[in-house]
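Colleague: Turn this into a model:
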Amino acid sequence: QVQLVESGGGLVQAGGSLRLSCAASGSIFSINAMGWYRQAPGKQRELVAVISSGDSTNYADSVKGRFTISRDNAKNTVYLQMNSLKPEDTASYYCMVIVVVTTTRDSDDYWGQGTQVTVSS
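Modeller: The predicted structure is shown next:
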């Protein structure tokens, strides 16, 4: 019913920047919260940043001041601008979107396929 397509990952040196994008499509009536999670090898998935439908944002302490989450409601897209990247930011990054689907008006969370971010020292 709902598909998420992520882009923007890659390899970057420490101190560099990357911008992740996640576009949602399908049977979308409305979108509530949108967020980014990450999972490093051998570690649990953790919340990186989330943005509400009212544009309130929340960040993990480890990324505050370096990462910025934003959304374009016209494009059903969420972004994550990552600056001053560190080797410990290396992980697979997943977008998550809470969607009210058109057919049933039920709310559910959908996940992207993941995009790899690798930061070299």
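
Colleague: distance of the closest residue to residue 105 other than its chain neighbours from residue 111?
Modeller: Ranked by Cβ to Cβ, 6 or more residues apart in numbering and with sequence neighbours excluded, the top spatial neighbour of residue 105 is residue 29, at 6.3 Å. Quick note: C-beta positions are derived from backbone N, CA and C, even for glycine. Applying Cβ to Cβ, to the nearest Å, the value for residue 29 to residue 111 is 19 Å.

Colleague: next SSE after the helix or strand containing the residue nearest to residue 105?
Modeller: Assigned by DSSP states H and E, residue 29 falls within strand 28-39. Downstream of strand 28-39, the next assigned helix or strand under DSSP H and E is strand 46-51.

Colleague: Which stretches in the protein count as strands?
Modeller: In the chain, the strands defined using DSSP state E lie at 2-7, 10-13, 18-26, 28-39, 46-51, 57-59, 67-72, 77-82, 91-101, 107-111, 115-120.

Colleague: Residue 11: how many residues sit nearby?
Modeller: Counted with other Cβ atoms under 10 Å, residues neighbouring residue 11 total 12.

Colleague: you'd agree it is up against residue 118?
Modeller: Yes. With contacts counted by Cβ atoms under 8 Å, residue 11 reaches residue 118, the gap being 4.7 Å.

Colleague: if I look at the residue nearest to residue 105, how far off is residue 99?
Modeller: Residue 29 is 8 Å from residue 99, by Cβ to Cβ.
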